[in-house]
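> when you get a sec, could you give me coordinates for this:
(2 chains)
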Protein chains: 2
Amino acid sequence: MVRLGTVSIVGVGLIGGSIGLALRSRGLASKVVGVGRDARTLEQARVRGVIDQATTDLATGVGEAEVVVVCTPVGRILQDVRGAAEAAPASALVTDAGSTKRQIVESLERYPAASALFVGAHPLAGSERSGSTHARADLFEDRVCVLTPTPRTSRDRLERARSFWSGLGCRLLEMTPVEHDEVLAYTSHLPHALAAALASSIPPEWLELAAGAFRDGTRVAGADTALWTAIFRDNRGPLLKALGTFQDRIAAFKYAVMTDDDDAIRRWWDEGRQRRELFESRQPPNEKVR
Amino acid sequence: MVRLGTVSIVGVGLIGGSIGLALRSRGLASKVVGVGRDARTLEQARVRGVIDQATTDLATGVGEAEVVVVCTPVGRILQDVRGAAEAAPASALVTDAGSTKRQIVESLERYPAASALFVGAHPLAGSERSGSTHARADLFEDRVCVLTPTPRTSRDRLERARSFWSGLGCRLLEMTPVEHDEVLAYTSHLPHALAAALASSIPPEWLELAAGAFRDGTRVAGADTALWTAIFRDNRGPLLKALGTFQDRIAAFKYAVMTDDDDAIRRWWDEGRQRRELFESRQPPNEKVR
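Modelled structure (predicted):
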């Protein structure tokens, strides 16, 4: 990627902070401006080298931006993209890192001036931790980033968004916002919901007897409540469909166990095992852990 | 633990192999004999230092044993404990490492001669990997091992079983076989079933868009089919109850999402998050990862 001028990051949490660290460690931008609501945590991020400058004023923060990346929670992205597009130079690219895309992109297209600068994006990286203190410069390396251009997306902005996200280390995929949300309901929102459901199914006094399967299966249940409530609400329809698919799988298992059907239990387990093996075989080498 | 004479391990896989490595690296036994069905893999285990001697004949393998540990799959433990108790010295302790306990212990108590030597045990350690090539000397360090004595259990054997398992690094808990199976249905068997159900819920063509939550939530779906089929069948009743509890949690979530009830979704998520935090706060320091 050609070295950028000013990049403004709106929302300097885990994702925004990791973008700042990646830009600075790779020398990809002449200046990284962080925009947020809490002056104190922004200042901490600046001191830690996550951003070069900090401001709580959106218009000030994006006034000189060549690229604006909106990394606020899903429920705030629409207003932040609109605010950024109004205050940024007319030549700017505005992109985001939201976990859902359909509502954001559809709503934005009602505002052609903002929509003209915007390319929806979702880097598949994160953690159950939040806040820029957990940010890492390598968070995006070899991770998929989905771009969701529509027929109204500017070709120039799409090219620049590809360059921006691949510059951070991402592998790019492109699909429609609707496709993105349907797929992510299964691959991300469902696993998060299951982690929480599993965690709360175990009586507290039995936790001492929970080991590896419980630990791994509930890791993401530690994630932020407001963040995930917004994602679940935003992507209700596809999420309900994914939950239905999963419930059918559980019902099939329950029936096999209830009827003590050795063959059916084996076949059912093997389907999951084979899908997991397929997933592992497709991981980039540095993700092949344990 | 006082240094033991000969310890015989029946079933030299991940668990049996790790017991061998732990005994040898800690100098806890004068000799470790591995008993298995496949001479070739036994010989590999011997060459790798997992065991001192290998045999495919159970009677030969336990003939001089001070302690016999049966680490075969759940469906074979009963016959292997009986066979070992018949061929071992009358003074031997026989223990096991099975993931379920009620059926094994109840069935064994029909054979007083075998039952007199036996103390049921379940070290909560393992992995989705199987086979002694994945064995580790530190697999049991700081892990809970549940002992399931009954009123018929010999006090002498119970003392020796406590000494044996704590010598491997385990923290001991004691409960009845029925309690053990009820708890483990929730803390282990349920999470395994969910991992498989989640894995098979995602269409193969969407796996490229599965990231951390899916990876962690499906890790144990890679475990051995025969092993897990036997556990699920053995512990049917408690497992069905655990599945029911979990299904209720999912149904509550689905209703909250369907009615777009922000408060209900938040509360539901928080219950899982808090349970997960409680779990994390109780982990031994070296388990507090990520």
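> which SSE is immediately downstream of the longest helix anywhere in chain A?
For chain A, the helix that runs over the most residues, judged by DSSP state H, is helix A:236-258. Counting by DSSP states H and E, the next helix or strand C-terminal to helix A:236-258 is helix A:262-281.
> centre of the chain to that next one, how far?
Per CA atoms, centre = their mean, to the nearest Å, the displacement of helix A:262-281 from the mean C-alpha position of its chain is 28 Å.
> mind checking how far the closest residue to A:His180 other than its chain neighbours is from A:Phe118?
Leaving aside its sequence neighbours, A:His180 sits nearest to A:Lys101 (CB to CB, 6 or more residues apart in numbering or on different chains; 4.6 Å). C-betas here are computed from N, CA, C, even on glycine. Distance, A:Lys101 to A:Phe118, by CB to CB, to the nearest Å: 11 Å.
> now swap in A:Glu66 and tell me
For A:Glu66 relative to A:Phe118 (CB to CB), the value is 15 Å.
> try A:Arg219
For A:Arg219 relative to A:Phe118 (CB to CB), the value is 33 Å.
> what about those two, which has more around it?
Taking other CB atoms under 10 Å in any protein chain shown, A:Arg219 and A:Phe118 do not tie; A:Phe118 has more neighbours (30 against 24).
> give me phi/psi at the residue nearest to A:His180?
Reported as degrees, to the nearest 10, the phi and psi values for A:Lys101 are phi -130, psi -30.
> so for stretch A:236-247, mean pLDDT?
For stretch A:236-247, the mean per-residue pLDDT is 98.
> most centrally placed residue in chain A?
Nearest to the mean C-alpha position of chain A, counting by CA atoms, centre = their mean, stands A:Ser99 at 4.3 Å.
> for that residue, which non-adjacent residue is closest in space?
A:Ser99's closest residue in space is A:Ile231 (CB to CB, 6+ apart), at 5.0 Å.
> that neighbour: neighbouring residues, count only.
Neighbours of A:Ile231 (other CB under 10 Å): 23.
> and if you look at A:Ala113?
Quick note: A:Ala113 (other CB under 10 Å) scores 10 neighbours.
> just the element for the residue of the stretch 101-250 of chain A found nearest chain B, please.
Per CB to the nearest CB, A:Ala196 is where the stretch 101-250 of chain A lies closest to chain B, at 3.0 Å. Per DSSP H and E, A:Ala196 falls inside helix A:190-201.
> could you give the mean pLDDT of that helix?
For helix A:190-201, the per-residue pLDDT averages 98.
> got the angle between that helix and helix A:236-258?
60 degrees (axes from the mean of the first three to the mean of the last three CA atoms, to 10 degrees).
> after helix A:190-201 comes which helix or strand?
Counting by DSSP H and E, what follows helix A:190-201 is helix A:212-218.
> which parts of whichever helix or strand comes after that next one are buried?
Where DSSP H and E defines the elements, the next helix or strand beyond helix A:212-218 is helix A:225-234. For helix A:225-234, the neighbour count (16 or more other CB atoms under 10 Å in any protein chain shown) marks A:Thr225, A:Leu227, A:Trp228, A:Thr229, A:Ala230, A:Ile231, A:Phe232, A:Arg233, A:Asp234 as buried.
> which strands or helices does helix A:225-234 pack on?
helix A:74-87, helix A:190-201, helix B:262-281 (3 or more CB pairs under 8 Å, 6 or more residues apart in numbering or on different chains; DSSP states H and E).
> report the secondary structure state of A:Gly5.
With DSSP: H, G, I helix; E, B strand; the rest coil as the basis, A:Gly5 sits in strand.
> ok, it to A:Leu28 distance?
11 Å.
> what does the stretch 1-150 of chain A put close to chain B?
Residues of the stretch 1-150 of chain A lying close to chain B (CB under 8 Å from any CB of the partner chain) are A:Leu124, A:Ala125, A:Gly126, A:Ser127, A:Glu128, A:Arg143, A:Val144, A:Val146.
> tell me the strands beside the helix or strand the last one falls within, with direction?
Applying DSSP H and E as the criterion places A:Val146 in strand A:144-147. Sheet neighbours of strand A:144-147, with direction, are listed as strand A:121-123 (antiparallel), strand A:171-174 (parallel) (DSSP bridges).
> most packed of those?
strand A:121-123 (a mean of 25; mean count of other CB atoms under 10 Å in any protein chain shown).
> so how far is that one off the chain centroid?
6 Å.
> outside of it, which residues touch it?
If you take CB atoms under 8 Å, 6 or more residues apart in numbering or on different chains as the criterion, strand A:121-123 is touched by A:15, A:95-101, A:140, A:143-148, A:161, A:165, A:168, A:170, A:180, A:184.
> distance of A:Val7 from A:Val74?
According to CB to CB, A:Val7 and A:Val74 sit 22 Å apart.
> would you mind giving the domain segments of chain A?
Taking automatic domain parsing as the reference, chain A has its domains at A:4-175, A:180-287.
> does A:Glu277 really touch B:Thr225, like I thought?
No. In this structure, A:Glu277 is not within contact of B:Thr225 by CB atoms under 8 Å, at 11.8 Å.
> where does the stretch 1-150 of chain A dip in pLDDT?
Within the stretch 1-150 of chain A, the stretches with pLDDT under 70 are A:1.
> where along it do the strands fall?
A:4-10, A:29-35, A:53-55, A:65-70, A:93-96, A:118-119, A:121-123, A:144-147 (DSSP state E, counting those that start in this stretch).
> list the neighbouring strands of the fourth one plus their orientation.
Put plainly, it is strand A:65-70. strand A:4-10 (parallel), strand A:93-96 (parallel).
> so which of the ones you listed gets nearest A:Thr245?
strand A:93-96 (27.9 Å; CB to CB).
> for that closest one, what is the distance to the chain centroid?
14 Å.
> just the C-alphas of it, formatted as CSV.
What follows is strand A:93-96 as a C-alpha-only set of coordinates in CSV (Å, rounded to 0.1, in the frame of the first residue of the first chain):
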residue,chain,number,x,y,z
LEU,A,93,-12.3,7.0,2.2
VAL,A,94,-14.6,6.0,5.1
THR,A,95,-14.6,2.4,6.1
ASP,A,96,-15.7,0.5,9.2
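> right, I'll leave it there.
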